[in-house]
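Student: dropping a prediction and its sequence here:
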Amino acid sequence: MSAEPVKVLVVDDSAHNRRLLTELLESSPDVKVVGTACDGNEGLRQVLALHPDVVTLDLEMPRLGGYSFLRLLKSSAPTPVIVISSYAHKTDVFKALELGAFDFIAKPAKPTPDVLEKLRKELYEKVQAARLIRPAEVKPVVRKPKVMPLEPSFVVGIGASTGGPPAVQRLLESLAPEPSMCLLVCQHMPKQFTRAFAERLDKLGPFSVREAQEGDVLAPGHVFIAPGGRQLVVYRQNGQYVVGTPPPTMQDKHAPSVDRLFMSLAEVFGPKTIGVVLTGMGSDGAGGAKVIRKAGGEVWAESEETAVIYGMPQEAVATGAVSRVLPLGEIGPALVDLARKRR
């Protein structure tokens with residue numbers, strides 16, 4: 001526990017939501033709500049006056065909405081922001097992440113006691129994670145025209161959690177010069193958001209991106225996003241490599257699970273597997289990293305200097321299975337270089 005509580009500012013136009021979030025946050029002794037605001041203008045004034053460690057933000061507000069708030073906050077007083085969004089506005093979340101939001105939490109439609117307890121735990125985890133945030137270097141990306149894919153020389157599995165959506169997007173954008181790979185992405189995310197995440201990524205460049213469905217056939221130039229609440233695995237069927245999306249088992253700590261994806265790829269592709277561990281809390285991916293390395297594949301990890309949260313990469317590195325530790329901006333070019341060498 002930190003010596004000083006994490007200071008949180010709650011920005012939401014609903015008085016009910018402000019009270020609820022305050023109660024949930026302050027149920028933990030190491031979190032303190034230092035203020036609340038009913039719109040973006042008041043929120044900015046409160047940030048400058050109270051200097052919170054973290055801001056929770058509703059996107060739809062009168063006078064100054066969430067997007068404008070994020071733009072102004074970034075230029076005037078950069079502070080980690082956790083967006084609180086309803087399931088009905090899934091695409092808004094990813095625009096907010098592109099504008100600099102740290103992470104998001106889905107607002108429950110029916111606040112039953114069990115649902116509120118789950119929300120309380122998620123709030124606590126992400127507020128604590130925001131305190132550890134390391135701002136990633138931002139580089140402009142030149143988007144390449146779409147080209148016909150070549151035969152893949154290896155398959156890439158990508159694992160990410162907290163801070164992951166912008167990192168995954170940036171990685172895909174940097175792969176545009178070499179659309180011959182097939183990628184499978186496990187991003188910890190609620191099931192109501194993974195399809196919208198895939199649809200947003202699909203607009204970026206030469207890769208065809210979709211939320212994985214049972215029976216999808218792996219192909220070069222394609223990216224499959226693990227569906228929230230299920231697992232993403234690969235198996236061989238009738239001479240093809242096919243995607244499976246089984247439900248989680250009692251043993252699975254995450255759904256989707258980076259470990260399950262990595263282990264499946266190692267079993268099917270062996271030395272043609274590259275596992276990449278990006279930003280995130282916890283240790284998901286560390287066990288799978290060891291399996292990939294044992295199968296003759298490679299495991300790469302995002303470096304501490306760019307990882308928003310260094311937990312997952314650090315745990316993977318600690319296994320001894322990671323062969324390369326790279327800043328986020330260098331992972332894509334390194335994969336492109338490897339693809340060209342393996343043709």
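Tutor: Received, thanks.

Student: surely Val242 is within a strand?
Tutor: Yes: counting by DSSP: H, G, I helix; E, B strand; the rest coil, Val242 is part of a strand.

Student: for burial, what's the neighbour tally of it?
Tutor: Here the neighbour count serves as a burial measure; for Val242 (other C-beta atoms under 10 Å) it reads 16. For glycine as for every other residue, the C-beta is placed from the backbone atoms N, C-alpha and C.

Student: how many neighbours does Gly329 have?
Tutor: If you count neighbours by other C-beta under 10 Å, Gly329 ends up with 17.

Student: wasn't it part of a helix?
Tutor: Yes: using three-state DSSP, the secondary structure at Gly329 is a helix.

Student: isn't it right up against Thr306?
Tutor: Yes: Gly329 lies in contact with Thr306 (C-beta atoms under 8 Å); the separation is 7.0 Å.

Student: ok, the nearest residue to Ala15 once chain neighbours are set aside - contacts?
Tutor: The spatial neighbour of Ala15 that comes closest, neighbours along the chain excluded (C-beta to C-beta, 6 or more residues apart in numbering), is Cys38 at 7.5 Å. Contacts for Cys38 were tallied using C-beta atoms under 8 Å, 6 or more residues apart in numbering; they are Val11, Asp12, Asp13, Ala15, Arg18, Met61.

Student: go with 10 Å
Tutor: Val10, Val11, Asp12, Asp13, Ser14, Ala15, Arg18, Asp58, Met61, Pro62, Arg63 (C-beta atoms under 10 Å, 6 or more residues apart in numbering).

Student: shaky segments in the protein?
Tutor: Low-confidence segments of the chain, defined by pLDDT under 70, span residues 1-3, 87-89, 133-152.

Student: distance-wise, check the residue located most distally from the centre of it relative to Glu98.
Tutor: Checked against the mean C-alpha position of the chain, the extreme residue using C-alpha atoms, centre = their mean is Asn238, at a distance of 33.4 Å. Remark: distance between Asn238 and Glu98 (C-beta to C-beta, to the nearest Å) = 40 Å.

Student: what about Asp114, how many neighbours?
Tutor: Asp114 has 9 nearby residues by other C-beta under 10 Å.

Student: now the helix or strand containing it: buried residues?
Tutor: When secondary structure is defined by DSSP states H and E, Asp114 falls within helix 113-131. Within helix 113-131, the residues scored as buried using 16 or more other C-beta atoms under 10 Å are Leu119, Arg120, Glu122, Leu123, Tyr124, Lys126, Val127, Gln128, Ala129, Ala130.

Student: can you check stretch 297-305 too?
Tutor: Within stretch 297-305, the residues that count as buried by 16+ other C-beta under 10 Å are Gly297, Glu298, Val299, Trp300, Ala301, Glu302, Ser303.

Student: could you dump stretch 68-75 to CSV, C-alpha only?
Tutor: The C-alpha atoms that make up stretch 68-75 are tabulated as CSV, following Å, rounded to 0.1, in the frame of the first residue of the first chain:
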residue,chain,number,x,y,z
SER,A,68,-12.3,18.3,-25.8
PHE,A,69,-11.5,17.8,-22.2
LEU,A,70,-8.8,15.2,-23.2
ARG,A,71,-7.3,17.5,-25.8
LEU,A,72,-7.1,20.5,-23.4
LEU,A,73,-5.9,18.4,-20.5
LYS,A,74,-3.0,17.0,-22.6
SER,A,75,-1.8,20.4,-23.4
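
Student: since that was my last question, I'll sign off now.
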